Structures are given as structure tokens and as C-alpha cells.
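Asks: I'd like to go over a predicted model; first the sequence, then the structure.
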Amino acid sequence: MTVEYSLTDAEHLPYVMHGLLQVHRESGGDTGFEERLAEAAAEPGWTAAIGYENGEAVGYCHGFSLAADTDWWSGLIVPLPEYVTWETGRRTAVLDEIAVREAWRGTGVAAQLHEVWLSLRPEERVTLLVDSAAGGGALQSACEAWGYRRVADRRESRESTVYTTMIRPVRRP
């Protein structure tokens, strides 16, 4: 199995959209992905890392920069101090989503996609949300293995799901 990785930006999203949709569908994704992806790609600094094998997309991850006026840190069950939540537009990247087709799971493709995506991020840190119950906690454990640490919990206004907010430096020492 030889997976090749590439990076793309919002300008080139139309050229890779078909592959991202295929991966999303096969990895059990929900409806509305194309619209959510377009919204994410409209955010400043949006980029995606895509893994290909024999020209076929096998996984992706994507994210963007948090704007200075972001509401990302609202909705926390216990608010964080301002020194954690202040943003400049260049301080924090958001890993919005990562997905890998079933045949490539457990092969290290997700971790490699993550590292490729981070490789060109200019921010000092990266944050993500994890459904704390997903996979019996396995997803959160995987993020911890990649260096993320829990900083808070949050609940979306109309959902009962509690999400764990995690942060790690973009470049690990």
C-alpha cells in the first residue's frame, strides 16, 4: 500500500471535491457534507490534505485559521481564561474533519494526513472538537496520542452531545 499525500487550498477545492465526497460517503459520513465543506473552505486559511492510492482518494483532513473575532470558544460548559481564548487570526488553526476510507483505517493514513496538513500551517497551535463518547473514547485517545490535550467541554445549543475541546502545538518539540 503506497499512499501519496497532497495539500490543496480553497481555490483548488472544485478539482478535488469528487474525491472528498467519495471518501466522506464511504467513511459513513452524514448528509450536508458538501455544504459544510464549502462553508469551511470560505474560512480564512482553509487547506486540506488528501491521501491518494493509485489516483483514488483514500482519506482527507481539512481545517482553517480562527479569525480574531471567532465565536469558537463560546458554548464551553466551563469558560476558559482569556489568555487561552484570545485570537489574532494567526494564532490557532482548527482541524475541522478527518476521514479515511475503511480499507485504509488502522494503517497510519489518518496520522500521516494529520501531519501533512500541519506541515504548512503557520499558526502556533491547533484545536479540534471530539465527540467524547465516539468509539467508546477511542477517537479521543487517538487525538491524545497525536499530542492533543483536553482543555474544556462544550455543548452545542441544540444538541445533547458533549464535545471535548482539545489543543496541541502545531510543531511539537
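Replies: Sure, I can see it. Numbering: from 1, shown residues only.
Asks: ok, longest helix in the chain?
Replies: When the chain is parsed with DSSP state H, its longest helix is helix 13-26.
Asks: now that one - C-alpha only, CSV.
Replies: Output of helix 13-26 as CSV, limited to C-alpha atoms (Å, rounded to 0.1, in the frame of the first residue of the first chain):
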residue,chain,number,x,y,z
LEU,A,13,-11.4,22.7,-4.0
PRO,A,14,-13.5,22.1,-7.1
TYR,A,15,-10.8,19.9,-8.5
VAL,A,16,-10.7,17.6,-5.5
MET,A,17,-14.3,17.8,-4.4
HIS,A,18,-15.3,14.5,-6.1
GLY,A,19,-12.7,12.5,-4.2
LEU,A,20,-13.5,14.1,-0.9
LEU,A,21,-17.2,13.3,-1.4
GLN,A,22,-16.3,9.7,-2.1
VAL,A,23,-14.2,9.3,1.0
HIS,A,24,-16.9,11.0,3.1
ARG,A,25,-19.7,8.7,1.8
GLU,A,26,-17.6,5.6,2.3
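Asks: packing partners for that helix?
Replies: helix 33-41, strand 47-53, strand 56-65, strand 92-100 (3 or more CB pairs under 8 Å, 6 or more residues apart in numbering; DSSP states H and E). For every residue, glycine as well, the C-beta is placed using N, CA and C.
Asks: now for the residue nearest to the spatial centre of the chain: which residues touch it?
Replies: The C-alpha lying nearest the average C-alpha coordinate of the chain belongs to Leu95 (CA atoms, centre = their mean; 2.5 Å). Applying CB atoms under 8 Å, 6 or more residues apart in numbering to Leu95 gives the contacts Cys61, Gly63, His114, Trp117, Val126, Thr127, Leu128.
Asks: so which of these belong to strands?
Replies: Cys61, Gly63, Val126, Thr127, Leu128 (DSSP state E).
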